[in-house]
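Chemist: The sequence and its predicted three-dimensional model are supplied below.
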Amino acid sequence: MKAKDVMTRNVISIAPQASILEAVRLMLENKVSGLPVVAEGRGLVGVVTEGDFLRRAEIGTERKHPHWLEFLIRPGRLAHDYVYSHARRVEEVMTYEVETVSEDAELDAVVKLMEKHRIKRIPVMRGDEVVGIISRANLLHALASVAREIPQGPETDESIRDLVLAELARQTWAPSQMINVTVRNGVVELWGTVLSPEQRDAARVAAENVPGVKAVKSHIAWVEPMSCIAFPDPDDESSERSVGSTTPPADEKRVMNG
């Protein structure tokens, strides 16, 4: 999917000379948490977000420093903090360095930008024109739409088992030769050993994502490499507690009676 497939097209922007109060009202009225700042004849010049209004003198949240510490802080930094909490115009608090993407940008590239710069929204550009906004909410909407399109799974347990085994075989983290899979009436059971609890969790998730799987029960033991101590899967422990019995399973009886 590309940026143009999920972006919000009706972009609400604000001018850099607009007041802080006007920006706040626009955000509240339109239920958005950020606005692109667009200057006439110059295009996109910045972004203002709800985070820019957290440290405000009007509500007593401006940044405060002990008097003794102010002697150690650069005057320029103190002045910057003062402007940020007392400014009246959007251009005085907005972020000037804005990350943007084109309409044809892949969603993977969009997410990488969000993660790298720790931002929640990215303007979508067509040349110098802002034609959309992609936010985290847009990505959630895309995920929801894809989830509704998940195809029906195979009809037989054998086919489901083949798909689970194939998925595990494709993963570099999965010791597929140490994991066995059984399927009955669409319920997958995983057996075997792994060298980390994360591998066990990942194996369960891999099985859950195979179409046609109704439930997954894991019996995979985690063997700690240094001590060689085996830790049973919490799924097994919880099922034993729910049964409320201390009688060992038949296989364990045979071993004990051995």
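Modeler: Arrived safely.
Chemist: Return the residues in contact with Ala144.
Modeler: By C-beta atoms under 8 Å, 6 or more residues apart in numbering, Ala144 lies in contact with nothing. (Glycine included, C-beta is placed from N, CA and C.)
Chemist: From Asp52, how far off is it?
Modeler: 29 Å (C-beta to C-beta, to the nearest Å).
Chemist: for Arg88, same thing?
Modeler: From Arg88 to Asp52 the distance is 13 Å (C-beta to C-beta).
Chemist: Compare neighbour counts for those two and give me the winner.
Modeler: Neighbour totals were compared for Arg88 and Asp52, and Asp52 leads with 20 against 10 (other C-beta atoms under 10 Å).
Chemist: so what pLDDT did the residue nearest to the more buried one when sequence neighbours are not counted get?
Modeler: Nearest residue to Asp52, sequence neighbours excluded (C-beta to C-beta, 6 or more residues apart in numbering): Val93, at 4.5 Å. Here, the pLDDT recorded for Val93 equals 92.
Chemist: how many other residues sit next to Val93?
Modeler: Look at Val93: counted by other C-beta under 10 Å, it has 22 neighbours.
Chemist: Ok, Val187 next?
Modeler: For Val187, using other C-beta under 10 Å, the count is 14.
Chemist: just the helices in the stretch 101-250 of the chain please.
Modeler: 107-117, 136-147, 157-170, 197-208, 234-243, 250-257 (DSSP state H, counting those that start in this stretch).
Chemist: would you list the ones you listed in a markdown table and tack on mean pLDDT?
Modeler: As requested, these are exported to a markdown table (pLDDT from 0 to 100):
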| stretch | mean pLDDT |
| --- | --- |
| helix 107-117 | 93 |
| helix 136-147 | 83 |
| helix 157-170 | 93 |
| helix 197-208 | 93 |
| helix 234-243 | 52 |
| helix 250-257 | 37 |
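Chemist: Between those helices, which one is closest to Gln17.
Modeler: helix 107-117 (26.1 Å; C-beta to C-beta).
Chemist: Next, the angle helix 136-147 makes with that closest one.
Modeler: 150 degrees (axes from the mean of the first three to the mean of the last three C-alpha atoms, to 10 degrees).
Chemist: Please name the nearest non-neighbouring residue to Ser19.
Modeler: Arg88 is the one closest to Ser19 (C-beta to C-beta, 6+ apart), at 6.0 Å.
Chemist: For Ser13, see how far away the one you found is.
Modeler: Distance of Arg88 to Ser13, computed by C-beta to C-beta: 19 Å.
Chemist: can you pull the contacts of the nearest residue to Thr61 once chain neighbours are set aside?
Modeler: Residue nearest to Thr61 in three dimensions, not counting chain neighbours: Arg55, with 5.5 Å by C-beta to C-beta, 6+ apart. The contact partners of Arg55, by C-beta under 8 Å, 6+ apart, come to 61-63, 81, 84-85.
Chemist: which among those residues gets closest to Ser227?
Modeler: Closest to Ser227, out of all of the contacts of Arg55 and judged by C-beta to C-beta, is Arg63, at 49.4 Å.
Chemist: Just grab the bridge partners of Trp222 for me.
Modeler: Bridge pairing for Trp222 (DSSP bridges) gives the partners Val194, Phe231.
Chemist: can you tell me which residues contact it?
Modeler: 193-197, 199-200, 230-231, 233 are the contacts of Trp222 under C-beta under 8 Å, 6+ apart.
Chemist: Just the pLDDT for it.
Modeler: Trp222 is given a pLDDT of 87.
Chemist: what do you get for the one 3 residues further on?
Modeler: Residue-level confidence at Pro225 comes out at 84, pLDDT.
Chemist: That one reaches Gln199, doesn't it?
Modeler: No. Pro225 sits out of contact with Gln199 when judged by C-beta atoms under 8 Å, with a separation of 11.8 Å.
Chemist: These two: who's more crowded?
Modeler: Gln199 (19 against 9).
Chemist: show me the contacts for the residue nearest the centre of the chain.
Modeler: Centroid check for the chain by C-alpha atoms, centre = their mean gives Arg136 as the closest residue, at 8.6 Å. Residues in contact with Arg136, defined by C-beta under 8 Å, 6+ apart, are 114, 120-121.
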